[in-house]
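In: I'll drop the sequence and a predicted model, then ask my questions.
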Amino acid sequence: MLSISNLHAGYGKVEVLHGISLEVPKGKVVTLIGSNGAGKTTTMRAISGMIAPSQGTVMLGGRDVTGQEPYRVAKLGLAHSPEGRRVFSTMSVTDNLLLGAFPRFTGARPKGDVQADLERAMEYFPRLKERRQQLAGTLSGGEQQMLAMARAMMLNPEVVLLDEPSMGLAPILVQEVFRIIERLRSEGMTMLLVEQFAAAALNVADYAYVLENGRISVHGEAAKLRDDPAVKAAYLGGSH
């Protein structure tokens, strides 16, 4: 469904990714873990078109989307819930969600039943339903994260990129976010997950890649990496 091969990317003359390759099969959750500065967010931005790779390919559903503008990648079914949420603060919760479905209104994506999907998104995130007419900028950090995830779902995407969905959240909200990711997984949503809480990510994922200094150092089934001594020592505190 999503495949990147020999991807090089960075900012200006600084190369962050040094030829990484990974696969996200249809209906699976794949996680990319690594320390701060390893290149995880850069990977997500290169996939969704926020930055242009200097080398390598990004394939989405068999189509080459390497270096295409983000709106073109979105039209092909890739939704990106970015690090830092980036909600439209002066718009209501409902309007933020409907903007996520914008390509469906223009005919760029199959329209389907947008209203039903809106209600479904709010059923996933009951807090958003309670605040549906509230300005997004007045939501708590946790509620804004839920809004960013729900907005991505409104594209009715083929693949969802989730970049640090638990960042800055209280533990109880982290648990809620991962319950929702698990539910989406059970319903067959294809996801690439970047997450600071490696243990939680490995628990919910089917497959995992470890990124170190812009290179994939190890990859395999998430359950196996969870038990790998080196991975445990580096990312799981050595005893989890």
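Out: Sure, I can see it. Note that the coordinates shown come from a computational prediction; the quantities given were computed from them, not determined experimentally. Numbering: from 1, shown residues only.

In: which residues sit against stretch 50-59?
Out: With contact meaning Cβ atoms under 8 Å, 6 or more residues apart in numbering, stretch 50-59 is reached by 2-11, 15, 17, 19-21, 42, 44-47, 64-67, 70, 80, 82. No exception for glycine: its C-beta is placed from N, CA and C like everyone else's.

In: can you check stretch 127-146 too?
Out: Contacts of stretch 127-146 (Cβ under 8 Å, 6+ apart): 85, 87-94, 96-97, 121-123, 125, 147, 150, 165-170, 173, 176-177, 180.

In: using ChimeraX, define a selection of the buried residues within these.
Out: Here is the ChimeraX command that picks out the buried ones among those, judged by 16 or more other Cβ atoms under 10 Å:
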select :85,87,92,93,94,96,97,121,122,125,147,150,165,166,167,169,173,176,177,180
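
In: all helices of the protein, in order?
Out: 40-48, 70-75, 93-100, 102-106, 114-124, 126-130, 141-153, 171-186, 198-204, 222-226, 229-235 (DSSP state H).

In: okay, the ones you listed in JSON lines with mean pLDDT and distance to residue 29 next?
Out: Shown next, in JSON lines, are the helices of the chain (pLDDT from 0 to 100; distance: least, Cβ to Cβ, whole Å):
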{"stretch": "helix 40-48", "mean pLDDT": "96", "distance to residue 29": "15"}
{"stretch": "helix 70-75", "mean pLDDT": "94", "distance to residue 29": "20"}
{"stretch": "helix 93-100", "mean pLDDT": "96", "distance to residue 29": "20"}
{"stretch": "helix 102-106", "mean pLDDT": "93", "distance to residue 29": "24"}
{"stretch": "helix 114-124", "mean pLDDT": "93", "distance to residue 29": "16"}
{"stretch": "helix 126-130", "mean pLDDT": "91", "distance to residue 29": "22"}
{"stretch": "helix 141-153", "mean pLDDT": "90", "distance to residue 29": "14"}
{"stretch": "helix 171-186", "mean pLDDT": "90", "distance to residue 29": "5"}
{"stretch": "helix 198-204", "mean pLDDT": "93", "distance to residue 29": "6"}
{"stretch": "helix 222-226", "mean pLDDT": "93", "distance to residue 29": "8"}
{"stretch": "helix 229-235", "mean pLDDT": "85", "distance to residue 29": "17"}
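
In: please report how far residue 165 lies from residue 176.
Out: Residue 165 is 10 Å from residue 176, where distance means Cβ to Cβ, to the nearest Å.

In: meant to ask about residue 206, not that
Out: 21 Å.
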